[in-house]
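**Student:** Whatever this is, show me its structure:
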Amino acid sequence: MSADATIAAGPTKRARTGEPDARHGEGFGRYWVLALLVVAALLTLFPFFLAAINAIKTPTDYGANGPVALPRSFDLSALFAFWTGVEFGRKLWNSVLISGCVAFFGVALSLLNAYALGIGKVRGRNLILIVLMLGIMVPQESLVYPIYYLAKSVGLYDTRLSVIIVFTVLQSAFGTYMLSAVLTQFPREIIDAAEIDGASRFQVLWHVVIPVLRPTLTVLGTFFFIWTWNEFLLPLVLLISNDNQNVSVAMGTLHGQHVSDPTTTAAAALLGIVPTVIFFLVFQRTLMRGVTVGAVK
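**Tutor:** Numbering: from 1, shown residues only. Prediction:
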């Protein structure tokens, strides 16, 4: 039988024997994965959708039609009421300042610690990493009183600096553990070549290590920013004055014992979510590049 006849008879034989087409099965599997991703995306976006539609409802519309119904009117009074009632502009600046400082100093402290543990010769390295892991696992509720007492003792209570210091240390525990694992696998030949050329340890860190780890550091800083932005308990304890509170604490002041306005609560949730979404969209390409580079390396 010729080659052309064999090629022509191939599909006919597969059809007679009832064997499934592999390409058809792969395409069908991709459709299922795509459908699951779409469902997961809709479930993730549904709370944002509820916050958006309820933030522009009037209390009458909300009471008559419920939280899931589409708004019958377009009313921004709840947004303006929350913005002016809690001085949201000041709270927004406080959150940006605290989260940005924690992201910068947390990444810097994590990098210095990890540089010493991952590349330097530090005795008891494994023990230090175990202590850091235990620090990550400790719940924040158990740290409230010691941190409150220390802040009172050193005169930093009710200051944004106290929150910045606390979260820089807490976030750097995770950052140190992660970066030390990365630097342990760092090519030693590059560092040896830089040291032979006369580079100091700081020059090796600045000119060799940081350029290679820049995508990873960006991802870590973004996580630190978002995690600090969403913190509520420690800022609630350490920041009691209206001028120093952040967005999370301002959102928590909406609920009283006998008073609760659902439309204002939705407006607060929407205003609290939007800055982090904008931050994520701005750094989305950088985040994906960092994750991809880390996976390839």
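**Student:** starting at the chain centroid, how far to whichever helix or strand residue 170 is part of?
**Tutor:** In this structure, residue 170 sits in helix 160-184 according to DSSP states H and E. Here the centre of helix 160-184 is set off from its chain's centre by 14 Å, with Cα atoms, centre = their mean, to the nearest Å.
**Student:** buried stuff in that helix?
**Tutor:** 160, 162-168, 170-180, 182-183 (16 or more other Cβ atoms under 10 Å). Yep, even glycine has a C-beta here, placed from its N, CA and C like the rest.
**Student:** again, but for stretch 91-108
**Tutor:** So stretch 91-108, judged by 16+ other Cβ under 10 Å, has buried residues 91-92, 94-96, 98-103, 105-107.
**Student:** can you tell me the average pLDDT over it?
**Tutor:** Across stretch 91-108, the average pLDDT comes to 95.
**Student:** Name the residues that touch that stretch?
**Tutor:** 160, 163-164, 167-168, 171-172, 175, 217, 220-222, 224-226, 228-229, 235, 239, 244-250, 275 (Cβ atoms under 8 Å, 6 or more residues apart in numbering).
**Student:** ok, residues contacting the helix or strand hosting residue 264?
**Tutor:** If you go by DSSP H and E, residue 264 is part of helix 262-282. With Cβ under 8 Å, 6+ apart as the contact definition, helix 262-282 has outside contacts at 48, 50-52, 54-55, 57-59, 62, 67, 78-79, 81-83, 85-86, 88, 92, 95-96, 222, 225-226, 229-230, 247-248, 250-251, 254-255, 287.
**Student:** next one: that helix to chain centre, how far?
**Tutor:** That offset, for helix 262-282, works out to 15 Å (Cα atoms, centre = their mean).
**Student:** ok, now stretch 50-68?
**Tutor:** Using Cα atoms, centre = their mean, the offset of stretch 50-68 from its chain centre is 29 Å.
**Student:** avg pLDDT for that stretch?
**Tutor:** pLDDT averaged over stretch 50-68 gives 87.
**Student:** Repeat that for stretch 185-192.
**Tutor:** Mean per-residue pLDDT for stretch 185-192: 84.
**Student:** same thing with stretch 270-281?
**Tutor:** 83.
**Student:** Can you give me the buried ones in that stretch?
**Tutor:** Buried, per 16+ other Cβ under 10 Å, within stretch 270-281: 270, 271, 272, 276, 279.
**Student:** As a check, name the ranges of all helices in the stretch 51-200 of the chain.
**Tutor:** Using DSSP state H, counting those that start in this stretch, the helices of the stretch 51-200 of the chain run over 59-65, 77-85, 88-118, 125-137, 144-154, 160-184, 188-196.
**Student:** Save those as a markdown table, and put in distance to residue 213 too.
**Tutor:** A markdown table is the format used below for the helices of the stretch 51-200 of the chain (distance: least, Cβ to Cβ, whole Å):
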| stretch | distance to residue 213 |
| --- | --- |
| helix 59-65 | 49 |
| helix 77-85 | 40 |
| helix 88-118 | 8 |
| helix 125-137 | 18 |
| helix 144-154 | 30 |
| helix 160-184 | 7 |
| helix 188-196 | 12 |
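**Student:** Point to the residue nearest the middle of the chain.
**Tutor:** A centroid search over the chain (Cα atoms, centre = their mean) returns residue 223, at 3.6 Å, as the residue closest to the centre.
**Student:** Could you work out the end-to-end span of stretch 189-208 for me?
**Tutor:** 11 Å (Cα to Cα, to the nearest Å).
**Student:** Work out the gap between that stretch and the centre of the chain.
**Tutor:** That offset, for stretch 189-208, works out to 32 Å (Cα atoms, centre = their mean).
**Student:** if we can go back for a sec, just curious, which of the buried residues of stretch 91-108 is nearest to residue 120?
**Tutor:** Of all the buried residues of stretch 91-108, residue 107 has the smallest distance to residue 120: 18.3 Å, by Cβ to Cβ.
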